[in-house]
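K.L.:
based on what follows, work out the 3D shape:
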Amino acid sequence: MADDQQLWGYPEVAAHLGISVGAARNCKSRGSLPAPDDTTVPDRPRWRPATFQTWNPVGRGFRSDLHRPSSQGITPSG
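P.N.:
Model (predicted):
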C-alpha cells in the first residue's frame, strides 16, 4: 500500500461514525465494520476513507435517519 494514502485508525473511524473509540473497537470485533484495508500492524487495523463512503451499516442501533442527505426537499416547519 502506498505510504502517501491516508488511512484511518479507530479514532478517525469513530469520529466519522459519531461513536466512541471503544464502540468502534466493539463494532470491529463483532464484524459490524467493513474489512480493514491495511492489517500490516497487529492490533491496529486501518481503513481508507473511501471504504466508509460506500459502506452502508446495518444492524441494531444504527440510525439511518441521521445519515440521510439533506437535499431531499425536507423543509423545517415553522
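K.L.:
nearest spatial neighbour of Asp11, skipping sequence neighbours?
P.N.:
For the record, residue 11 is Pro, not Asp. Val21 (5.6 Å; C-beta to C-beta, 6 or more residues apart in numbering). The C-beta positions use only the backbone N, C-alpha and C, and glycine is treated the same way.
K.L.:
residues contacting that neighbour?
P.N.:
10-11, 14 (C-beta atoms under 8 Å, 6 or more residues apart in numbering).
K.L.:
separation between it and Gly9?
P.N.:
9 Å (C-beta to C-beta, to the nearest Å).
K.L.:
one more: Phe52?
P.N.:
13 Å.
K.L.:
next, give phi and psi for Ala50.
P.N.:
As for Ala50, its main-chain torsions (degrees, to the nearest 10) stand at phi -60, psi -30.
K.L.:
and for it, the neighbour number?
P.N.:
When neighbours are defined as other C-beta atoms under 10 Å, Ala50 has 11 of them.
K.L.:
give me the pLDDT value at it.
P.N.:
Looking at Ala50, its pLDDT stands at 92.
K.L.:
again, but for Leu33
P.N.:
Here the pLDDT value assigned to Leu33 is 92.
K.L.:
that one reaches Ala24, doesn't it?
P.N.:
Yes - with contact defined as C-beta atoms under 8 Å, Leu33 reaches Ala24; the gap is 7.3 Å.
K.L.:
where does this protein dip in pLDDT?
P.N.:
Scanning the chain for pLDDT under 70 picks out 1-4, 58-78.
K.L.:
CA atoms only: put the longest helix along it into CSV for me.
P.N.:
Among the segments of the chain that qualify as a helix by DSSP state H, the longest is helix 21-30. The C-alpha trace of helix 21-30 is given here as CSV (Å, rounded to 0.1, in the frame of the first residue of the first chain):
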residue,chain,number,x,y,z
VAL,A,21,-13.3,4.7,20.1
GLY,A,22,-14.3,1.8,22.4
ALA,A,23,-17.6,1.4,20.4
ALA,A,24,-15.6,1.4,17.2
ARG,A,25,-13.4,-1.4,18.5
ASN,A,26,-16.5,-3.3,19.6
CYS,A,27,-18.0,-2.9,16.2
LYS,A,28,-14.9,-4.3,14.6
SER,A,29,-14.8,-7.3,17.0
ARG,A,30,-18.5,-8.1,16.2
